[in-house]
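K.L.:
This is a predicted model, with the sequence first.
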Amino acid sequence: MTRRTLALLLWLMLAGLGTVALFFSTGSRLTATFNTDARILHRVLSQRMEQQEAVLNAVDALERQGMSAAALGTYLDALLRPYPQVVAVERCSVGGCQALGAPAERPPPLAVSTSARPTVRWPEEGGPLYALSQNNVRVWVNAQRLTGALDNGAAPLTYTLFQPATNVIVVAHTPETGATSRTLQVEKVLGTTLQPFPIRISRSVPWSAWPWAAAALWTLLTAGLSVLIFRLLESRRTAQRALLDERARAGGVVQAASEAIVALDERYQVTLANPAARAALNHPLPFGTDLRTVASFQATLSQAPFDVATFWDSSQPTALPEGLSLLRGDEAVQVEGSLAPLRGADNELRGRVLILREAGPLQRRMLEHLEEGERRVREHEEMLAHVSRLSTLGEMGAGLAHELNQPLTAIVSYGQAAAHLLDDPEPDLERIRHAVGASVAQAGRAAQIIVRLRQWVRRTPSRARPTDLVQAVQNVLTLCRADLNRLRVAVVTDYADTSLVQADPVQLEQIILNLLRNALDAVQDAPNPTIKLGIASEGSSWFLSVCDNGPGIAAEVAQRLFTPFTTSKEGGLGLGLSLSQTLAQGMGGDLQGANAGAGGAVFTLSLPCLVLEAASD
Ligand code: ADP
């Protein structure tokens, strides 16, 4: 059954039921009114019958009292005025009857009866006239005149009075009516003792009495209502179909997508996952699984560590950082993708959708190349650091030679002194022992310098390990001692006993050496050349500051201080600072430089503090 037929049937049913109800209620109302009117008519007629009987009784009583005919006549004229149905009153004797007063109608002939019991008598020819007689009095009633006053009315009543027993019609009161749709009828008996005439009361209901206009209006209304409901149903169905189509389309797209798509509710529980997602995560991902327990990521290439909690918490679309790997059992698969919030119509967060893509072969190769490139860059950095160290050593050659020369000269002196002492006939063994001990100490000092130099020139892959920043500064000061002394530079140090950092010691010393040599260069022409070295901790970092009282950083290089090949020195390479910054950042720290407030420059190396948990054991 189509919707149209359904709506039509609904309309027919509504219209039919409503119309039937309207007609039924009108019918009931008409019947109730008719019953009331019939009751009133019956009562009025019964009363009138009683009036006639009262007239009969009154005249009979007066006649028996011997009132004269003339006096009775006069009395009757006044008495009968309210009773128009009493058309004549006669006094009868065996000889015949004689009208009293002025009769309204001439009575028809009727045999005389002088019975003491009141009786109703009917003339031969029938008709509306009949007589009530008692003793010598006869009262003529014209039934036609019984209801003259009741004839008028919007819905007149029809009634027929019958003679009792014979059912001969006394009077048929039939007012004018138009076309009749229905006739209401009731049969009663007039309520008097003398005249218990059967009466049939009826009323013709004209067609116009029925609620045609209301029924038509109701039909129209229900038709409109049905059309409205039909339209609503149609539009609802269309909208529903469109919604289902859209859902199916969206579902199809999600299922067919080669990307892994997982929709989550606000508690990260899976509400939808496509086959690609199940394959990518190697998990059936049933409804309600907490995705955070299934998908675990690992940062590989990206240097910044991947903060998983912040990623899941994000209420903004968030892309996975480049180079992130998805852990799948034992293997780690490089993926890219994003996590985006899903919002409802009220813009409230309803959940999230995670989209993942395995890095394709091409992309994987690119990432491998990238990693390879990075590895080579690191290698080059190390090589550059090595070359830079060699170059620095070259530049420091004279100073280092002087630094080595000192113990060697001392050894020679002590050796010669010992030889002279041995030449004595009674050698002073104590002094000889002292001279040999001193030369051994000087040899040890020289050996220390050579060990340090060998470490510097050796090219070993960098390896971070717990390193003391104070020790590194002191090592560098040893190497530079000769140059510092030659230039009469005052070195002011301010640091604690130890300050541990995680760093490659050679690289760390290289940074400090670069800073110290730059400071040395800067204070060359200063009146009281001074270099201050300080180590202080702030937060979770150590800060090594190298401060000089030179001319400060030249304006032309200030903006590009850490850009390679930035130099203001004749013959300078301009690599020291950029290399030092790269090395510092590789250790998780940084290097910054600025002009000091009191003149000169200050360079600050920051490195994360290392807390050795095992140290206290
Ligand atoms: P180079 O020493 O070969 O020039 P660097 O990278 O070590 O290369 O230094 C770059 C430039 O930074 C220097 O040429 C110099 O102009 C400036 N600079 C570095 N340290 C200082 C300092 N302590 N005082 C003033 N300028 C400095």
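P.N.:
Right, received. Where do you want to start?
K.L.:
helices or strands up against the helix or strand containing Trp11?
P.N.:
Here Trp11, judged by DSSP states H and E, is contained in helix 3-64. Here helix 3-64 touches helix 69-79, strand 86-93, strand 129-134, strand 137-142, strand 158-162, strand 180-189, strand 198-206, helix 212-256, going by 3 or more CB pairs under 8 Å, 6 or more residues apart in numbering; DSSP states H and E. No exception for glycine: its C-beta is placed from N, CA and C like everyone else's.
K.L.:
what's the angle from it to strand 137-142?
P.N.:
Between helix 3-64 and strand 137-142, the angle comes out at 150 degrees (axes from the mean of the first three to the mean of the last three CA atoms, to 10 degrees).
K.L.:
ok now helix 3-64, how far from the chain's centre?
P.N.:
Computed by CA atoms, centre = their mean, to the nearest Å, the chain-centroid distance of helix 3-64 equals 65 Å.
K.L.:
In contact with the residue of the chain found nearest the ligand, which residues?
P.N.:
The chain approaches the ligand most closely through Gly576 (2.6 Å), counting by CB to the nearest ligand atom. Neighbour list for Gly576: Ser388, Asn514, Arg517, Asn518 [criterion: CB atoms under 8 Å, 6 or more residues apart in numbering].
K.L.:
Can you tell me how far Phe306 is from Arg357?
P.N.:
17 Å (CB to CB, to the nearest Å).
K.L.:
what does Thr289 give?
P.N.:
From Thr289 across to Arg357, the span is 21 Å (CB to CB).
K.L.:
So which residue is dead centre in the chain?
P.N.:
Among the residues of the chain, the one closest to the centroid is Gly344, at 3.6 Å (CA atoms, centre = their mean).
K.L.:
what's near enough to touch it?
P.N.:
By CB under 8 Å, 6+ apart, the contact set of Gly344 is Arg350.
K.L.:
Kindly report the residues of this structure close to the ligand.
P.N.:
Contact residues, the chain versus the ligand (CB under 6 Å from any ligand atom): 514, 518-519, 522, 548, 550, 552-554, 557, 561, 566-569, 572-577, 601.
K.L.:
Go again with 5 Å.
P.N.:
Residues of the chain lying near the ligand by CB under 5 Å from any ligand atom: 518-519, 522, 550, 553, 557, 567-569, 572-574, 576-577, 601.
K.L.:
Quick one, which of those residues are buried?
P.N.:
Buried members of these, counted by 16 or more other CB atoms under 10 Å: Asn518, Ala519, Ala522, Gly550, Ile553, Gly574, Gly576, Leu577, Ala601.
K.L.:
Need the max-distance pair from these.
P.N.:
Using CB to CB, the two most remote members of those are Gly550 and Gly574, lying 17.3 Å apart.
K.L.:
Could you say which of the helices and strands packed on helix 3-64 is packed most deeply?
P.N.:
Among the helices and strands packed on helix 3-64, strand 137-142 has the highest mean neighbour count (mean count of other CB atoms under 10 Å), at a mean of 26.
K.L.:
packing partners for that strand?
P.N.:
By 3+ CB pairs under 8 Å, 6+ apart, strand 137-142 packs against helix 3-64, strand 86-93, strand 129-134.
K.L.:
The longest one vs strand 129-134, what angle?
P.N.:
Spelled out, it's helix 3-64. Using the same axes, to 10 degrees, helix 3-64 lies at 50 degrees relative to strand 129-134.
K.L.:
contacting residues around Leu327?
P.N.:
Per CB under 8 Å, 6+ apart, neighbours of Leu327: Ser296, Phe297, Gln298.
K.L.:
and the first one, what is it in contact with?
P.N.:
Ser296 makes contact with Val308, Leu326, Leu327 under the criterion CB under 8 Å, 6+ apart.
K.L.:
So the closest residue to Pro505 other than its chain neighbours, which state does it fall into?
P.N.:
With CB to CB, 6 or more residues apart in numbering as the criterion, Pro505 has its nearest non-adjacent residue at 4.7 Å, and that residue is Thr467. Using DSSP: H, G, I helix; E, B strand; the rest coil, the secondary structure recorded for Thr467 is strand.
K.L.:
doesn't Gln507 make contact with Thr467?
P.N.:
No: the pair formed by Thr467 and Gln507 falls short of the contact definition of CB atoms under 8 Å, at 9.4 Å.
K.L.:
neighbour count winner among those two?
P.N.:
Gln507 (24 against 21; other CB atoms under 10 Å).
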